[in-house]
Structures are given as C-alpha cells and as structure tokens.
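*Asks:* Pasting a predicted model and its sequence here:
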There are 2 protein chains.
Amino acid sequence: MARTTGSHSDITRPKIRAAALRLFARHGFAAVSMRALATEVGVQAGALYNYTPDKQTLLFSLLQDHMNDLLSACDNDPSQSAVDRLRQFVDFHIRFHADRPDEVFISYMELRNLTPENFAEVEALRRQYEDRLETILRDGAAAGDFAIADTKIATLAVIAMLTGVNTWFRAGGRLSLDEVIAQYWDMVRKSVTAG
Amino acid sequence: MARTTGSHSDITRPKIRAAALRLFARHGFAAVSMRALATEVGVQAGALYNYTPDKQTLLFSLLQDHMNDLLSACDNDPSQSAVDRLRQFVDFHIRFHADRPDEVFISYMELRNLTPENFAEVEALRRQYEDRLETILRDGAAAGDFAIADTKIATLAVIAMLTGVNTWFRAGGRLSLDEVIAQYWDMVRKSVTAG
DNA sequence: GTCTATACCGCGATAGAC
DNA sequence: GTCTATCGCGGTATAGAC
C-alpha cells in the first residue's frame, strides 16, 4: 500500500474497465477496438497493455467480477419460509440487474467471445446463482408451498422471466421499479403455486 | 423460371444463407469473416458478392425472413376463448423457436449489428409479434379470464419466459418438447390467472 | 506509466480473366 | 458464376524513448 496512492494506475485502471463495459455493451466485444477503447479512456492504445495482458482477459475479468458480485450480494435466510425467500429473490434479482444493465448485457451476450477455459469459469458461477433459486423452489415444493412439475425448468423459467426486465425497463419510464417488481412477484408467485 | 434450373445460383444461394446462419449464431456476426463464410460454403470470398451486395444485407435478410416466417406461422382464431388462444400461443411459440435455434439466437443477439434503418424494420416486425400476445391477454383480461396488473408487462414477461427455453432445450435431452410445453403452459396459465 | 511508431495480419469489397 | 489478385484500411499487440 501507501506508495502507489495517487499513481495513474489507481485512476486509469477503473476508467479502462468502465469504458470497456460501456463500449462492449453498446457495440459488442468484437466490434470494439483497443484503439477505440483507448480513445474513450483518453490514452494511447499501447498504454492499455499496462493494465491487461490482452483484450480477452479484459472481457473475462469484467464478467468474472460481475458474477462474483452477484453471488456475494445474493443472500438468503434459510430459516424463512420458501415463499418469503422466493419473494426476496425476485426483489433482489430485479433490483440488482436493473442497477447494472451493462454488466448484465455483456454477461450473456459476450459469453461466446470467451475462450473455452474462461467460459467454463463464468458458466460455473452462473450455475451457482441458478442453484440459489433452485434450492428455494425445491424446499418450497417439499414443504407443499409450491406446485412445480420440474424444479429445474421452473428455475430457468423464472430467471428468464426476471432477467427479461432488463430488455425494456428504464428508470424514469411509465412504471417505477417498485411497481415492476410488484407485478413480477405476483406472476412468479402464482406460476409456482397450485392453481 | 425454367432456364435457371440447375444453375449454381439455386444451390449456392441457400448454402450461403445456411452457412451464414450457422456461423453467425456460433461465433457472432462481427467475428465471422466473409472469407470464413466462403470457406464454409466451398467457394472463394469474391463469389459471395454475386449473392449479397454486402455482409450487412446478408444479416438483415436472414433476420427479416425469420421474422416474416414467424408472423406468417403465428395464426390465432379470435373466436376462441382467450385461454385457448393463450395455450395455442404458448405451444406455437415454443415449437417454432425450438425448431430454429440459430435464427432465434441471431435475431436478438445481432440486432445491434444492423444499420439503424434495418434495425427499425426488424424491430417493427418484432413488435407486431408481441402485439399478437398482447391482444390475447387484453381480451382475456376484459373477459375476466385473466388477472393482470399491466398487460404490456405481462406480455413481455411471458415472451421472455418462453423464449428462454431456447437457451437450454436440446432435442433428445431429459425432457421431451411436449413435456416442456406442458409445464410452461401450466406456469404461464397460472401467472396470468387470479390466485 | 504513457508516449510514438510500427510489425504483422486479416478485414470487406472490387477488378478483370475465364 | 467463380476464380485469382489486390486495394485500402484497421485490427491486436509490441518495442523502445522519455
């Protein structure tokens, strides 16, 4: 510590990551050149290689950090009822994703631009997240709170539905995030309950 | 007609489109070069330009045709009940999309690689499709069959959920398509019904 | 840590022979 | 209708000065 304070590294590194996130989300990883990224940051292209060994590692780092943030933030109290935990999950998922549209977007649009090794790592983190929801649904089904034919399908169906919010929701639009969450919770709850 | 029978045009054109579809879906539009496409087809790069003015037009053509196919195939008998029409929509959507994973994939992954003009055209077709479902939901809500807070949100939520099938379903897997459709119909029905 | 300069490669698209 | 050859450009990444 200490000695690096104030170095350009502390300023330039986050600027590069923020710019990469924004540009990858807007134009796609393959369509963003290192030159364009450097211009956005305000440095020359060569300087970027002080912060990342290559473009691929930069993308991987962004995705990996996003997934780790997601897993860290997704807490769940197993002593609560499955219904309460599901409500909590829906609320969390929509809020967390609405806060990070760029991270979410590249996290599934740019998966195919990862090397096989990097893809496998990100994929493992994604499955961990799915397992959080699957556990809730399985517990609720075992307790008789939910009526689900196949827990894995229900997990994927709910996540797809919730993540879809990101394709259209914009803060300041017709509906507040609270209103959106309320309706999605209503639909999710009913979809996994007997009826 | 007549005279063109057997010309390479009748063979090469569909081969180019099929190869482009497959490669764009697998690697992404920006990551597929015209040389790679030509190799896949079995011709030289220059020959591709006998069939498309440029790479952009090729992508647009694939997406436009897919959306037109979708709209043509999506029929709905308005004399039936909203519940029956919704069931029919769910069945149709999952089957149609499961049959065309590559078309579906590029149809929303590569939207941002369209020129603004081409994007607007494809987007308009996509909204027409959404309107088919929205009409069903609105009719059912008016008839008292459905309990939906906001019809537009419900439309987007249901479509996101159904389209999500394509991210994991593979023919010959653990579940048959009929089983998958049955569970999705169960979840969709309950999610828009009072409960 | 950033700069300038550049090596080396592959891109989309075109020209003209056959 | 396809070929070979090529133009002009822009890509990632590196070298060496400061």
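*Replies:* Nice, I can see it. Numbering: from 1, shown residues only, chains lettered A, B, ... in the order given.
*Asks:* Neighbours of residue A:97, how many?
*Replies:* For residue A:97, the neighbour count with other C-beta atoms under 10 Å in any protein chain shown is 20. C-beta coordinates here come from the backbone N, C-alpha and C atoms, glycine included.
*Asks:* which residues in chain A form helices?
*Replies:* Here chain A has its helices, by DSSP state H, at A:8-27, A:34-41, A:55-73, A:82-99, A:101-109, A:116-142, A:151-163, A:177-192.
*Asks:* ok, and which of those has the densest surroundings?
*Replies:* Mean neighbours per residue, mean count of other C-beta atoms under 10 Å in any protein chain shown, is largest over the helices of chain A for helix A:151-163, with a mean of 22.
*Asks:* does chain B sit close to stretch A:148-167?
*Replies:* Yes: Stretch A:148-167 is in contact with chain B by C-beta under 8 Å from any C-beta of the partner chain, via A:149-150, A:153-154, A:156-161, A:163-164, A:167.
*Asks:* got the contact list for stretch A:20-40?
*Replies:* A:16, A:19, A:44-45, A:47-48, A:55, A:58-59, A:62, A:101-103, A:105-106, A:109-110, A:113, B:28, B:30-31, B:112-113 (C-beta atoms under 8 Å, 6 or more residues apart in numbering or on different chains).
*Asks:* returning to that earlier point: now tabulate the helices of chain A in TSV and tack on distance to DNA strand D and mean pLDDT.
*Replies:* Shown next, in TSV, are the helices of chain A (distance: least, C-beta to the nearest atom of the strand, whole Å; pLDDT from 0 to 100):
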stretch	distance to DNA strand D	mean pLDDT
helix A:8-27	10	94
helix A:34-41	3	97
helix A:55-73	4	98
helix A:82-99	28	98
helix A:101-109	15	97
helix A:116-142	13	98
helix A:151-163	28	99
helix A:177-192	35	98
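*Asks:* Select, out of those, the one closest to residue B:85.
*Replies:* helix A:177-192 (18.6 Å; C-beta to C-beta).
*Asks:* relative to helix A:82-99, how tilted is that closest one?
*Replies:* Helix A:177-192 runs at 140 degrees relative to helix A:82-99, counting by axes from the mean of the first three to the mean of the last three C-alpha atoms, to 10 degrees.
*Asks:* Let me see the residues that make contact with helix A:177-192.
*Replies:* Here helix A:177-192 makes contact (C-beta under 8 Å, 6+ apart) with A:83, A:86-87, A:90-91, A:94-95, A:98, A:137, A:140, A:146-148, A:154, A:157-158, A:161-162, A:165, A:169, A:171, B:149-150, B:153-154, B:157, B:187-188, B:190-193, B:195.
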